[in-house]
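Q: My questions concern the predicted model and sequence given below.
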Amino acid sequence: MTTVVLAVESSCDETAASVCRDGKILSNVIATQKVHEQYGGVVPELASRAHLQNIVPVVDQAMADAKIQSSDIDAIAFTQAPGLIGALLVGAQFARSMALALDKPVIAVHHMQAHVLANLIESPVPSFPFLCLTVSGGHTQIVRCESPYSMKVIGETIDDAAGEAFDKTAKLLGLPYPGGPLIDRYAATGNPAAYRFPEPQIPGLDFSFSGLKTAILYFLQEKKQQDPDFVEKNLPDICASIQNRIVTILMNKLVKAAQETGITEVCLAGGVSANSGLRNALAENGKKFGWNTHYPAMEYCTDNAAMIAITAYYKYLQGDFATLETTPTAKSDW
């Protein structure tokens, strides 16, 4: 007997839908909202409006790509938390309404848990237990994953996320939103040792990036006073040095977590896991410490519905269903 799950994701500024059959992703459709670029960041009200416009055609396309009919669906999943509350409400209301109309169960999915389980979408998949460094615009966490049903955050940022550090420093450099991928692109031709930025001394496995952002701000102010064209003349080296520091902060904590737990299956997840510097650093540390390293395909790194679908599939197997009264929340602990 097959199990078909339709999943929708609407936590921020991507409207996405995916179909999963027995743990295999059949479709993954994402509508990216371009409207936010002119504002230098996501505008919540505009995001909600765009979700309302996109969700029906995105779901239709996902079902068409998967070659399924509504009668084939066994459950409908949605992102419950965390995220922008207005954006979450669009996806939740759509999923609950469709489930009611089809008389199908609904499954509520935690967005960050779904990022972790994106590593289970394509082979080779990590063995349990594994560690996952989950890095996005809003979150930076080290997660110990014992099974698809058992995860624990063992380290997280105490202030800003790594993805925010990338985007905010890119803005200081005059780069357009989203700036993180542009830093990665310019860093490819720069010298990562050209400029030195401080590493926060945070105890345990937690992270901090607010001090690094401040240090970069003061550095740029000082250099531009000396030479107004400093950034333009040295952009690749600046980007490479910033990226190198962010990546080393992340990797140093991940190495510590692996040593403390003895776990050698190590994964990346989240939007920043698409960063080439971070991927290369994971591979290098994997060789150095004997890890088996994993990270999702690019299309499953940034916000997408396939990760919601794979998580919902495992919840379905456990009989972990929500109700039609289950509501989304902007913030949610694990």
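A: Structure's in. What do you need? Numbers count the residues shown, from 1 in each chain.
Q: Please name the residues that touch residue 22.
A: When the contact criterion is Cβ atoms under 8 Å, 6 or more residues apart in numbering, the partners of residue 22 are 2, 3, 313. The C-beta positions use only the backbone N, C-alpha and C, and glycine is treated the same way.
Q: Isn't residue 28 up against residue 16?
A: Yes. A contact is recorded between residue 28 and residue 16 when judged using Cβ atoms under 8 Å, the distance being 7.3 Å.
Q: anything in contact with each of the two?
A: Taking Cβ under 8 Å, 6+ apart as the contact definition, residue 28 and residue 16 share the neighbouring residues 304, 305.
Q: And these two? Which one has more around it.
A: In terms of neighbours (other Cβ atoms under 10 Å), residue 16 is the more surrounded of residue 28 and residue 16; the figures are 30 against 24.
Q: Excluding covalently adjacent residues, which one is nearest to that one?
A: residue 305 (3.8 Å; Cβ to Cβ, 6 or more residues apart in numbering).
Q: Tell me how many other residues surround that neighbour.
A: Per other Cβ under 10 Å, the neighbour tally for residue 305 reads 35.
Q: Now the phi/psi pair for it, please.
A: In terms of degrees, to the nearest 10, the main-chain angles of residue 305 are phi -90, psi -20.
Q: OK, contacts around it?
A: Going by Cβ under 8 Å, 6+ apart, the list of residues near residue 305 reads 7, 8, 9, 16, 17, 18, 28, 29, 30, 62.
Q: could the residues you listed be laid out in JSON lines, adding pLDDT?
A: Converted to JSON lines, these look like this (pLDDT from 0 to 100):
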{"residue": "7", "pLDDT": "98"}
{"residue": "8", "pLDDT": "98"}
{"residue": "9", "pLDDT": "97"}
{"residue": "16", "pLDDT": "97"}
{"residue": "17", "pLDDT": "98"}
{"residue": "18", "pLDDT": "98"}
{"residue": "28", "pLDDT": "98"}
{"residue": "29", "pLDDT": "98"}
{"residue": "30", "pLDDT": "95"}
{"residue": "62", "pLDDT": "98"}
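Q: Could you write me a ChimeraX select line covering just the buried ones among the residues you listed?
A: Below is the selection syntax for ChimeraX that covers the buried ones among the contacts of residue 305, with 16 or more other Cβ atoms under 10 Å defining burial:
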select :7,8,9,16,17,18,28,29,30,62
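Q: how far away is the residue nearest to the spatial centre of the chain from residue 209?
A: With distances taken as Cα atoms, centre = their mean, residue 270 lies nearest the centre of the chain, 2.4 Å away. With the distance defined as Cβ to Cβ, to the nearest Å, residue 270 ends up 14 Å from residue 209.
Q: What of residue 234?
A: In this structure, residue 234 and residue 209 are 22 Å apart, going by Cβ to Cβ.
Q: The contacts of residue 305 in strands, which ones?
A: Of those, the ones assigned to strands by DSSP state E are 7, 8, 9, 16, 17, 18, 28, 29, 30.
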